[in-house]
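A.B. asks: Quick one: sequence and predicted model below, then my questions.
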Amino acid sequence: MKKKKKWIIAIISLVLIFIIYSYFSPSSEEETYITTKVTYGDFVSEVVTSGEALSTSLKKINGPDNLQKFKLRDIKIQDLVPEGTIVKVGDYIGRLDPTGVNEQIIDARLNLDAAQSKFTQQKLDTTLTLKQERNAIKDLVFNMEETRLELKQSIYEPPAVIKKLEINLDKLERDLNEKKENYSIKKSQANAKMIEVGTEVSKIKKELDDLLKLLESFTIYSDSNGMITYDRNWDGSKKNVGSSISPWDPSIASLPDLTKMESKTYANEVDIRKIKKGLPVKVGFDAFPDVEMEGIVTDVANVGETKRGSDIKVFQVTVKLNGSNDNIRPGMTTSNRILTFDKKNVLSVPLEAIFSKDSITYVYKKSGFSIEKKQVKIGASNNDSVIIVEGLSANDVVYLNKPKGYETSQIAVLK
């Protein structure tokens, strides 16, 4: 009998244990739920962006600066040394397509030949005209001398003959004065015409000389030491052989100062609110994973721009690099970890552990063999975690997903 009672008590105990376990513990399915402990320690919030390394100090290598004077635009780059080439003063950089200049040189030479021919013709015409005028003056002088001689010999002639000779002499004198005045005028006109055609010759000759100098400047040499980096077009693509330059954008390449570098990056509309001038940055380089440099945010754009190929608005952020590294080159891709928030000795949980309903934020906290749906007060967050201001303690266990059967449970609100 005693033995039977022991068996009955044992069976009842097992049933009770099973009932209690089934009621207070999760089902076998719930055992697959992921839990984590509330951590206590330093909390860091970072914005991670990718960017490009650039030099803050560089010397531009430009094409000719007088392209607009000769109405030249969209000049093609015919040849260019490879990007990254180390050059010294006087080293060859590249060459521009001279087609447009050569056409103008041919036209200028033809114009110069025509102007010089016109100058020669005008000189001959002037010489002939003035010679004719001088001969006419000499003829009048001879006629006057002849008339004077006749007048001198006509003292015994009738008064009418003498009067006629006096009138002829007076007329010849007037004609001579008029001829001399006309000669002076025609000489001034001829000089003015010669100056005009001579000026035209000089003008075209100077234009031709300028074009020849311009043609020489189409072959470009370095005026300082450095490493060649290609400049960019308006659409962001790099200038290379086949690209064009214009009077408004004559740059071809640059010689950057590798000791003064920055990282130009872009942040989205959400992250840009967290970024301010003066924030510290850890800058890495895709080409050299083992290289990391300290930096600081020096500029944050106030106006966003549309990212090429999408409708996403981004804001430019400039990060100045502290120090220098011989491996770093302009154009390298950078990874920028911008420290936006840093707080010591705080509680935090993963973002997945936080749920909300009707403006109440809560977690599923493990409490013994049961689960408690508990309200929490949260603070700042980063991409992974959020600070717990109130409602949990260090090492409390919370669920990262909703346990089944507890969706409608009462939330234990904070007091």
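C.D. replies: Okay, I see it. Bear in mind that the values here come from a model prediction, so they are computed numbers and not experimental data. Residues are numbered from 1 along each chain as shown.
A.B. asks: Find the least confident helix or strand in this structure, judged by mean pLDDT.
C.D. replies: Between all helices and strands in the chain, the lowest mean by mean pLDDT, DSSP states H and E belongs to helix 2-24, at a mean of 60.
A.B. asks: for Ser224, helix, strand, or coil?
C.D. replies: At Ser224 the chain is in coil, as set by DSSP: H, G, I helix; E, B strand; the rest coil.
A.B. asks: quick one: it and Val89 touch, right?
C.D. replies: Yes - Ser224 is within contact range of Val89, at 5.9 Å (criterion: C-beta atoms under 8 Å). C-beta coordinates here come from the backbone N, C-alpha and C atoms, glycine included.
A.B. asks: all helices in this structure, in order from the N-terminus.
C.D. replies: 2-24, 99-153, 159-217 (DSSP state H).
A.B. asks: can you redo these as JSON lines with distance to Lys239 and mean neighbour count?
C.D. replies: Shown next, in JSON lines, are these (distance: least, C-beta to C-beta, whole Å; neighbours: other C-beta atoms under 10 Å):
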{"stretch": "helix 2-24", "distance to Lys239": "72", "mean neighbour count": "10"}
{"stretch": "helix 99-153", "distance to Lys239": "18", "mean neighbour count": "14"}
{"stretch": "helix 159-217", "distance to Lys239": "18", "mean neighbour count": "14"}
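A.B. asks: And the ones you listed: which comes nearest Thr85?
C.D. replies: Among the helices of the chain, helix 159-217 comes nearest to Thr85, with 20.5 Å by C-beta to C-beta.
A.B. asks: elements contacting that closest one?
C.D. replies: When contacts are defined as 3 or more C-beta pairs under 8 Å, 6 or more residues apart in numbering; DSSP states H and E, helix 159-217 sits against helix 99-153.
A.B. asks: Distance from the helix it packs on to the middle of the chain?
C.D. replies: Centroid separation for helix 99-153 versus its chain: 60 Å, with C-alpha atoms, centre = their mean, to the nearest Å.
A.B. asks: Give me the helices and strands touching that helix, please.
C.D. replies: By 3+ C-beta pairs under 8 Å, 6+ apart, helix 99-153 packs against helix 159-217.
A.B. asks: chain center to the helix it packs on: distance?
C.D. replies: Here helix 159-217 is found 59 Å from its chain centre; the criterion is C-alpha atoms, centre = their mean.
A.B. asks: so that helix versus helix 99-153, what angle?
C.D. replies: 170 degrees (axes from the mean of the first three to the mean of the last three C-alpha atoms, to 10 degrees).
A.B. asks: what is the mean pLDDT for helix 159-217?
C.D. replies: For helix 159-217, mean pLDDT is 89.
A.B. asks: Residue numbering should commence at 29 henceforth.
C.D. replies: That works, and once the first residue is 29, the last one we named lands at helix 187-245.
A.B. asks: distance of Ser245 from Leu124?
C.D. replies: According to C-beta to C-beta, to the nearest Å, Ser245 stands 9 Å off from Leu124.
A.B. asks: Name the residues contacting each of the two.
C.D. replies: Overlap of the contact sets of Ser245 and Leu124 (by C-beta atoms under 8 Å, 6 or more residues apart in numbering) consists of 91-92.
A.B. asks: So which residues of the stretch 229-378 of the chain form strands?
C.D. replies: 247-249, 254-255, 257-258, 272-273, 279-284, 289-296, 308-313, 316-328, 333-334, 341-349, 361-378 (DSSP state E, counting those that start in this stretch).
A.B. asks: neighbouring contacts of the fourth one?
C.D. replies: If I follow you right, that is strand 272-273. For strand 272-273, contacts defined as C-beta under 8 Å, 6+ apart pick out 91, 95, 102-105, 124, 267, 279-280.
A.B. asks: could you redo the last one with a cut-off of 6 Å?
C.D. replies: Outside strand 272-273, the residues within contact range by C-beta atoms under 6 Å, 6 or more residues apart in numbering are 91, 102-104.
A.B. asks: give me every residue that touches Val66.
C.D. replies: Contacts of Val66 by C-beta under 6 Å, 6+ apart are 375, 377, 420, 422, 424.
A.B. asks: could you list every residue that touches the last one?
C.D. replies: So that's Asp424. The neighbourhood of Asp424, defined by C-beta under 6 Å, 6+ apart, consists of 66, 393.
A.B. asks: And it, how far from Ala381?
C.D. replies: Counting by C-beta to C-beta, the gap from Asp424 to Ala381 is 10 Å.
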